[in-house]
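Colleague: Next comes the sequence, and after it the predicted model I'd like to discuss.
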Amino acid sequence: MMARINVRSVRHFQRYREIAQVLLRHGLGELIELLELLPYLSFPRRVLGKGRQPPQTMGIPQRMRLAMEGLGPTFVKLGQVLSTRPDLLPPEYIAEFVKLRSTVPPAPWEKVRELLEGELNAPILDVFTTFEIDPIAAASLSQVHAAILPDGSDVVVKIQRPKIGEIIETDLEIMVNLARLVQNRIAIGQVYDLPGITEEFASTLRAELDFYHEGHNADRFRENFAHERYLHIPTIHWDYTTRRVLVMERLRGISLQDIEALDAADCSRHRIAIRAARILLKEILEDGFFHADPHPGNFVVLPGEVIGAMDFGMVGYLGHQTRMDLTRLYNVIVQSDDQGVVDQLIRIGAVRGPVDRTKLGREISRLLRKYQGLPLKSIRIDAFVNELMPIAFRHHINLPNELWLLIKSLAMMEGVALKLDPDFDIFEVFKPYLHHFVLGTVSPKSIGPAALKTATEWAELIGIFPRVGYQFLKNAEQGGLEFSMEHKGLDVALSRLDRLASRLALSILLAALIIGLALIVPVLHPEAGLNLASVAVITGFTAAVLLSFLLVISILRSH
């Protein structure tokens, strides 16, 4: 077993051992064997399987969640991403992974100070007038401190946790290796490209570690909402921002979670809920660029009931065609057209490989009938998605990761709005944006560029047609026109046909040989005893029968 440990495994031997020990501690021995982590355990633990076993009443999904929390930020982030992918995991795992939280104690100040001064190339008090050592928030990847710049700007300083980049890079490399290892060992590997999914996760996490990326996301949101008075995006102070340090305007307001404080400030919770939903719907349908983590902690209410948004590390992108497909999907769902839903899922590439269309349509129809006739305001996205998850898992409905992020974001925003206003109807808010989007797709402004592009291409084609057409006709007239055709897979068929013809020819020859020898036998005179002719005939007859027997065996073995 130890022979399987490759060079990369040796380089990260200690981390592999930690992973194996955490899995063992949570009673996940089968997973240790599947991932070939047994060699990384010490001999007594490997043989005896010693470890602090979880309670017998604890299910595997819960043990997996606890193991991910024990393995650190990379695995916690993986679990959080997997919680948005019901096509990959059964509902019971999704329900557990949703509980994963990345809040952790702050890192030691001395190490944080060393990183911050190294990034800024100056002592802290040379850059900031004041700087609060105690963080106002701490998560698995970073922590946030309050500070004031020399010009009096009230800012927050988001600092990456020391050495977190190296830790995550090691874990990501291990994850990709393990995904390649199990690709052909588990049933889901026959449907999904597990290494590809892992690489996509790695790319997303690396982007989240790059604070330049987050700062540019904030600038893009601010530009998209430049004409909206009800949303405020904090200013990024680029002179002080690096890849591992982000300095931005501090927003002082009331958290969307603090209902009592909102009521005390005489804020209209209904109006705030409408505005929060409009923000996300504009991002989705108009901009194609949305905040993918809209939980209440990332928003505050500023004076004038203006919503302030924060944390732009996780975003989603939707192309125009994807938004069109989602609009069509929404329409067939509202019309309770189960076959239309199946058609749209196939159209957007969510159904890959063989699928039992009848069974999938039947399950979707059963789900839609449950909501048929209900007013839209009585339908909750979160409840609908929870019922959709088992269907997605059973039929491997493989929506792109951006769409699962979108569904999660819509459900999360609806939850926030319902907490603010129990009578909130997200579909009522959705209608004008959907109407505006559909009209935009048929407006001259939208059609014009596509029509101009098509006209330009036709103009180019018409321009070169006389020259190409003349050359084509000239070659045809001179006999210089040749066509070549390649039939893929024909070599295999020809090879089989060749073997068939060879066997047929051999069968005919053996039959002729046996018949010929049989005709010679009566001519021989047994009373004359064995002679050369008798031995030749008997030997030939025996050889022919033996060859015939071998030919029959060969035909039977090849089916």
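Modeller: Received, thanks. Remember, predicted model here, so these are calculated numbers, not experimental data.
Colleague: switch to C-alpha atoms for all contacts and neighbour counts from now on
Modeller: Noted.
Colleague: What distance do you get for the residue nearest the centre of the chain to Leu172?
Modeller: The C-alpha lying nearest the average C-alpha coordinate of the chain belongs to Asn401 (Cα atoms, centre = their mean; 4.2 Å). Applying Cα to Cα, to the nearest Å, the value for Asn401 to Leu172 is 18 Å.
Colleague: cool, Leu434 as well?
Modeller: 39 Å.
Colleague: the more surrounded of the two?
Modeller: Just comparing Leu434 and Leu172: by other Cα atoms under 10 Å the higher neighbour count belongs to Leu172, 22 against 18.
Colleague: burial count for the closest residue to that one other than its chain neighbours?
Modeller: Closest residue in space to Leu172, ignoring its immediate chain neighbours: Ala202 at 6.2 Å, by Cα to Cα, 6 or more residues apart in numbering. Neighbourhood size, Ala202 [other Cα under 10 Å]: 21.
Colleague: hang on, Ala202 in a helix?
Modeller: Yes. Counting by DSSP: H, G, I helix; E, B strand; the rest coil, Ala202 is located in a helix.
Colleague: Check whether it really touches Asp171, as I assumed.
Modeller: No. Applying Cα atoms under 8 Å as the test, Ala202 and Asp171 come out as separate, 9.6 Å apart.
Colleague: quick one, domains of the protein?
Modeller: When the chain is parsed with automatic domain parsing, its domains come out as 2-100+167-203, 103-166+204-250, 318-427, 451-481, 490-557.
Colleague: Quickly, which of those domains bottoms out on average pLDDT?
Modeller: With a mean of 69, domain 451-481 has the lowest mean pLDDT of the domains of the chain.
Colleague: Tell me the strands beside the host helix or strand of Val155, with direction?
Modeller: Under the criterion of DSSP states H and E, Val155 resides in strand 154-160. Paired with strand 154-160 in the same sheet, following DSSP bridges, are strand 142-148 (antiparallel), strand 245-249 (antiparallel).
Colleague: Out of those, which is the most enclosed?
Modeller: strand 245-249 (a mean of 23; mean count of other Cα atoms under 10 Å).
Colleague: What is the subsequent helix or strand relative to it?
Modeller: Once the chain leaves strand 245-249, the next helix or strand it forms, by DSSP H and E, is strand 254-255.
Colleague: And the contacts of that next one?
Modeller: 261-262, 296-297, 299-302 (Cα atoms under 8 Å, 6 or more residues apart in numbering).
Colleague: Could you do stretch 69-88 as well?
Modeller: Here stretch 69-88 has contacts from 18-19, 22, 65, 68, 89, 93-95, 97-98, 100-102, 140-141, 168, 171-172, 188, 201, 389-390, 392-394, 396-399, 401, 404-405, 408, using Cα under 8 Å, 6+ apart.
Colleague: Just the buried residues of the helix or strand hosting Ile555, please?
Modeller: Per DSSP H and E, Ile555 falls inside helix 532-557. By neighbour count with 16 or more other Cα atoms under 10 Å, helix 532-557 contains the buried residues 534, 537, 541, 544-545, 548, 551.
Colleague: again, but for stretch 415-423
Modeller: 415-421.
Colleague: Could you export that stretch as CSV, CA atoms only?
Modeller: The C-alpha trace of stretch 415-423 is given here as CSV (Å, rounded to 0.1, in the frame of the first residue of the first chain):
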residue,chain,number,x,y,z
GLY,A,415,-35.2,34.7,3.5
VAL,A,416,-33.8,38.1,4.4
ALA,A,417,-36.8,39.9,2.9
LEU,A,418,-39.3,37.6,4.7
LYS,A,419,-37.7,38.3,8.0
LEU,A,420,-38.1,42.0,7.4
ASP,A,421,-41.6,41.6,6.0
PRO,A,422,-43.6,38.3,6.5
ASP,A,423,-45.9,39.3,3.6
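Colleague: Show me how far it is from its chain's centre.
Modeller: Between the centre of stretch 415-423 and the centre of its chain there are 30 Å (Cα atoms, centre = their mean, to the nearest Å).
Colleague: Same check on stretch 173-182?
Modeller: 15 Å.
Colleague: which residues sit against it?
Modeller: Against stretch 173-182 from outside (Cα under 8 Å, 6+ apart): 16, 34-35, 189, 194-195, 198-199.
Colleague: Can I have the buried ones of the contacts of stretch 69-88 as a ChimeraX selection?
Modeller: Command for ChimeraX that selects the buried part of these, burial taken from 16+ other Cα under 10 Å:
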select :19,22,65,68,89,93,94,97,100,102,140,141,168,171,172,188,201,389,390,392,393,396,397,398,399,401,404,405,408
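Colleague: Out of the contacts of stretch 69-88, list just those in helices.
Modeller: 18-19, 22, 65, 68, 93-95, 97, 168, 171-172, 201, 389-390, 392-394, 401, 404-405, 408 (DSSP state H).
Colleague: Which parts of the stretch 251-400 of the chain are helices?
Modeller: Secondary structure of the stretch 251-400 of the chain (DSSP state H, counting those that start in this stretch): helices at 259-264, 269-281, 320-334, 338-347, 357-371, 381-394.
Colleague: avg pLDDT for the shortest one?
Modeller: In other words, helix 259-264. 92.
Colleague: Now that helix - C-alpha only, CSV.
Modeller: Taking Å, rounded to 0.1, in the frame of the first residue of the first chain, the C-alpha atoms of helix 259-264 are listed here in CSV:
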residue,chain,number,x,y,z
ILE,A,259,-35.2,43.9,13.5
GLU,A,260,-35.6,45.7,16.9
ALA,A,261,-33.1,48.4,15.9
LEU,A,262,-34.8,48.9,12.6
ASP,A,263,-38.1,49.4,14.2
ALA,A,264,-36.6,51.8,16.8
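Colleague: what's the spacing between Gly152 and Asp134?
Modeller: In terms of Cα to Cα, Gly152 sits 20 Å off from Asp134.
Colleague: Oops, could you answer that again for Trp404 instead?
Modeller: For Trp404, the distance to Asp134 - Cα to Cα - is 36 Å.
Colleague: Buried by neighbour count: which residues of the one helix or strand Tyr433 maps to qualify?
Modeller: Tyr433 is part of helix 426-442, with elements assigned from DSSP H and E. Buried positions in helix 426-442, judged by neighbour count with 16+ other Cα under 10 Å: 426-427, 430, 433-434, 437.
Colleague: can you map out the helices along the stretch 451-559 of the chain?
Modeller: Under DSSP H, counting those that start in this stretch, the stretch 451-559 of the chain gives helices at 490-520, 532-557.
Colleague: Now render the ones you listed as a markdown table, adding distance to Asp239.
Modeller: Output for the helices of the stretch 451-559 of the chain, formatted as a markdown table (distance: least, Cα to Cα, whole Å):
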| stretch | distance to Asp239 |
| --- | --- |
| helix 490-520 | 65 |
| helix 532-557 | 76 |
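Colleague: Leu256: which of these is closest?
Modeller: helix 490-520 (66.1 Å; Cα to Cα).
Colleague: Helix 532-557 and the closest one, what's the angle between them?
Modeller: Comparing the axes of helix 490-520 and helix 532-557 via axes from the mean of the first three to the mean of the last three Cα atoms, to 10 degrees yields an angle of 150 degrees.
Colleague: chain center to helix 490-520, what's the gap?
Modeller: Taking mean C-alpha positions (Cα atoms, centre = their mean), helix 490-520 and its chain are 55 Å apart.
Colleague: With stretch 241-257 instead?
Modeller: With Cα atoms, centre = their mean as the basis, stretch 241-257 stands 29 Å off its chain's centre.
Colleague: And that stretch, what's buried?
Modeller: 241-242, 244-251, 253-257.
Colleague: Thank you, goodbye.
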